[in-house]
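Peer 1: Model the structure of this input:
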Amino acid sequence: MKLAVITGGTKGIGKAIVHHFAKHGFAIATCARSRQDLESLREAITAEYGVPFYSLPTNLAQKAETKAFGAFVQTLPLPVAVLVNNAGIYASGKFLEEDEQNFEQLWQVNVASVYYLTRLLAPAMVAQSEGHIFNICSVRSQLALVDNTSYCASKFALYGMTKVLRQELQPTGVRVTAVLPGATYSHSWEGVDISPERLMRAEDVAEAIYGAYCLSPQAVVEELTIRPQLGDL
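Peer 2: Okay, here's the model as predicted:
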């Protein structure tokens with residue numbers, strides 16, 4: 001049995017990815033801040049798919065907790081086949097007006113946590129000459145949006161880091177994919193006066209990621225951009 005590690009697995013895209021890999025027989029390791037949400041997810045996954053489920057409450061804004069989750073995964077009895085760095089946060093703010101804490105928090109969660117966790121888990125993938133790392137970037141990794149200084153900065157940085165990681169791991173057999181979703185329906189969109197038909201389903205992103213994973217070892221989807229059919233938001 002293979003292990004899929006997905007950060008931020010209790011909501012939105014992360015939750016859809018957890019379900020999709022569990023449906024295909026993968027053991028799951030995930031983290032989120034809420035112990036209660038993790039327990040609810042564990043109950044749902046084990047009841048529906050019968051696969052092992054491992055979790056650790058983790059605040060990825062904290063370097064020590066990010067590394068603790070990585071160390072926890074390293075103790076599990078299964079090799080990591082897939083790492084999906086999905087956890088991320090959004091906050092708007094003008095460059096000259098936003099609180100500096102806005103930048104610091106988005107940088108820690110959206111960029112630094114990916115850096116620290118991948119450095120812990122990728123060496124084992126390299127040693128086994130296989131594995132797939134997916135970093136959930138954003139269409140805003142390529143296209144700036146006014147009033148979103150720190151969010152765009154963090155996603156641009158994650159995208160650049162992913163491209164470098166792809167080049168460095170290319171000779172090792174470990175595949176690296178940057179995933180750039182457009183507006184995707186999740187809890188963060190609840191209550192917003194926008195038709196759900198204008199948003200993608202989280203399941204669409206999960207299915208695309210799994211499809212990229214299923215390619216032969218001779219192929220890799222380096223960049224996966226997914227946008228709503230009825231227009232960008």
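Peer 1: Could you export the host helix or strand of Ser40 as CSV, CA atoms only?
Peer 2: Here Ser40 sits within helix 35-49, counting by DSSP states H and E. Taking Å, rounded to 0.1, in the frame of the first residue of the first chain, the C-alpha atoms of helix 35-49 are listed here in CSV:
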residue,chain,number,x,y,z
ARG,A,35,-8.2,18.1,16.0
GLN,A,36,-12.0,17.7,15.8
ASP,A,37,-12.0,18.2,12.0
LEU,A,38,-9.2,15.7,11.6
GLU,A,39,-11.2,13.1,13.7
SER,A,40,-14.3,13.7,11.6
LEU,A,41,-12.3,13.2,8.5
ARG,A,42,-10.7,10.0,9.9
GLU,A,43,-14.1,8.5,10.6
ALA,A,44,-15.4,9.3,7.1
ILE,A,45,-12.3,8.0,5.3
THR,A,46,-12.0,4.8,7.3
ALA,A,47,-15.7,4.0,7.1
GLU,A,48,-16.0,4.7,3.3
TYR,A,49,-12.6,3.3,2.0
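Peer 1: what residues does that helix touch?
Peer 2: 9-11, 15, 18-19, 22-23, 25, 28, 30-32, 51, 53, 55-57 (CB atoms under 8 Å, 6 or more residues apart in numbering). (Glycine included, C-beta is placed from N, CA and C.)
Peer 1: same for the helix or strand harbouring Thr118, what does it pack against?
Peer 2: Here Thr118, judged by DSSP H and E, is contained in helix 113-128. If you count contacts as 3 or more CB pairs under 8 Å, 6 or more residues apart in numbering; DSSP states H and E, helix 113-128 packs onto strand 3-7, helix 63-74, strand 80-85, strand 131-136, helix 149-169, strand 174-181.
Peer 1: I'd like the ones you listed laid out as a markdown table, including mean neighbour count and distance to Gly93.
Peer 2: A markdown table is the format used below for these (neighbours: other CB atoms under 10 Å; distance: least, CB to CB, whole Å):
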| stretch | mean neighbour count | distance to Gly93 |
| --- | --- | --- |
| strand 3-7 | 26 | 24 |
| helix 63-74 | 17 | 23 |
| strand 80-85 | 24 | 23 |
| strand 131-136 | 25 | 21 |
| helix 149-169 | 19 | 6 |
| strand 174-181 | 24 | 21 |
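Peer 1: mind putting these in TSV, distance to Gly211 and mean pLDDT included?
Peer 2: Shown next, in TSV, are the helices and strands packed on helix 113-128 (distance: least, CB to CB, whole Å; pLDDT from 0 to 100):
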stretch	distance to Gly211	mean pLDDT
strand 3-7	14	98
helix 63-74	24	98
strand 80-85	13	98
strand 131-136	12	98
helix 149-169	18	94
strand 174-181	11	96
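Peer 1: who wins for proximity to Arg119 among those?
Peer 2: Judged by CB to CB, the one of the helices and strands packed on helix 113-128 that comes nearest to Arg119 is helix 63-74, at 8.1 Å.
Peer 1: Any chance you could list what contacts the closest one?
Peer 2: Helix 63-74 is contacted by residues 3, 5, 7, 29, 31, 54, 56, 58-60, 80, 108, 112-113, 116-117, 120-121, 124 when judged by CB under 8 Å, 6+ apart.
Peer 1: just to revisit the earlier point, what's downstream of the helix holding Ser40, the next helix or strand?
Peer 2: strand 53-57.
Peer 1: Alpha carbons of stretch 166-174, as CSV, please.
Peer 2: Taking C-alpha atoms only, stretch 166-174 is exported to CSV below (Å, rounded to 0.1, in the frame of the first residue of the first chain):
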residue,chain,number,x,y,z
ARG,A,166,11.3,20.1,-10.6
GLN,A,167,14.7,20.8,-12.3
GLU,A,168,16.7,19.6,-9.3
LEU,A,169,14.7,16.4,-8.9
GLN,A,170,14.4,15.6,-12.6
PRO,A,171,17.3,13.1,-12.7
THR,A,172,16.1,11.3,-9.5
GLY,A,173,12.9,9.8,-10.7
VAL,A,174,10.8,12.1,-8.5
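Peer 1: I am finished for the moment; much appreciated.
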